[in-house]
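> From the sequence below, what's the structure:
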Amino acid sequence: MAVQVSFYSDAADPLHYACRLVRRALASGKPVGVCVPAASAARLDALLWSFEATEFIPHRRWDGATPPVPGEVLLVDDAARLPHRGLLLNLCDEMPGDALGFERVLEVIGQEPERVQAGRARYRFYQQSGARLDHFSAAG
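Purely as a prediction, here's the structure:
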């Protein structure tokens with residue numbers, strides 16, 4: 001079965017928007033991984049700690065050495081390193097490793113022209129690979 005890929009475009013702050021998606025993804029009960037550039041990992045980590053004052057989003061930067069805990073969001077810079085193929089949220093401009101092997105992929109696209117172009121290239125790749133695609137606006 002083809003992977004389901006959802007694109008969320010025009011995100012003013014992709015990391016903050018990703019926190020909303022992670023919260024919803026955790027409710028699905030599937031394992032969740034986030035592919036985030038190393039330069040943005042510390043900010044995403046901090047946002048996940050403080051996103052909602054009344055709820056905790058269990059997460060950590062995964063080193064690959066210690067086993068994951070069920071219900072824990074794993075932050076990586078290469079999606080191929082994730083120990084599961086459940087739900088992947090991609091915040092990188094590059095195509096995530098083993099993207100077509102996941103059950104579901106969420107792609108968050110910022111507003112900067114270079115990020116938009118990179119997102120369009122990934123959309124075309126998924127489309128040509130037979131992925132089931134949908135698109136939502138993250139604006140507003």
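
> got any ranges where this structure has weak pLDDT?
For the chain, the stretches flagged by pLDDT under 70 are 53, 140.

> where along it do the helices fall?
All helices of the chain, identified by DSSP state H, fall at 14-27, 38-50, 113-128.

> helices and strands around the second one, which ones?
Helices and strands touching helix 38-50, by 3 or more C-beta pairs under 8 Å, 6 or more residues apart in numbering; DSSP states H and E, are helix 14-27, strand 59-61, strand 73-76. (C-beta placed from N, C-alpha, C; glycine too.)

> Hey, what's the angle from the longest one to helix 113-128? Just curious.
I take that to be helix 14-27. 40 degrees (axes from the mean of the first three to the mean of the last three C-alpha atoms, to 10 degrees).

> about what we covered before: so which of the helices and strands packed on helix 38-50 gets nearest Tyr126?
Comparing the helices and strands packed on helix 38-50 against Tyr126 with C-beta to C-beta, the closest turns out to be helix 14-27 (17.3 Å).

> Dump stretch 1-21 to PDB, restricted to CA.
Extracted in PDB, the C-alpha atoms of stretch 1-21 (Å, rounded to 0.1, in the frame of the first residue of the first chain):
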ATOM      1  CA  MET A   1       0.000   0.000   0.000                       C
ATOM      2  CA  ALA A   2       1.200   3.500  -0.900                       C
ATOM      3  CA  VAL A   3       2.300   5.900   1.800                       C
ATOM      4  CA  GLN A   4      -0.100   8.700   2.800                       C
ATOM      5  CA  VAL A   5       1.700  12.100   2.600                       C
ATOM      6  CA  SER A   6       0.100  15.300   3.900                       C
ATOM      7  CA  PHE A   7       1.600  18.600   3.100                       C
ATOM      8  CA  TYR A   8       1.100  21.600   5.400                       C
ATOM      9  CA  SER A   9       2.200  24.700   3.400                       C
ATOM     10  CA  ASP A  10       2.700  28.300   4.300                       C
ATOM     11  CA  ALA A  11       3.600  27.800   7.900                       C
ATOM     12  CA  ALA A  12       4.800  31.100   9.400                       C
ATOM     13  CA  ASP A  13       6.800  29.200  12.100                       C
ATOM     14  CA  PRO A  14       7.200  25.500  10.900                       C
ATOM     15  CA  LEU A  15       8.600  24.300  14.300                       C
ATOM     16  CA  HIS A  16       5.700  25.800  16.200                       C
ATOM     17  CA  TYR A  17       3.200  24.300  13.700                       C
ATOM     18  CA  ALA A  18       5.000  21.000  14.000                       C
ATOM     19  CA  CYS A  19       4.200  20.900  17.800                       C
ATOM     20  CA  ARG A  20       0.500  21.000  17.000                       C
ATOM     21  CA  LEU A  21       0.900  18.200  14.500                       C
END
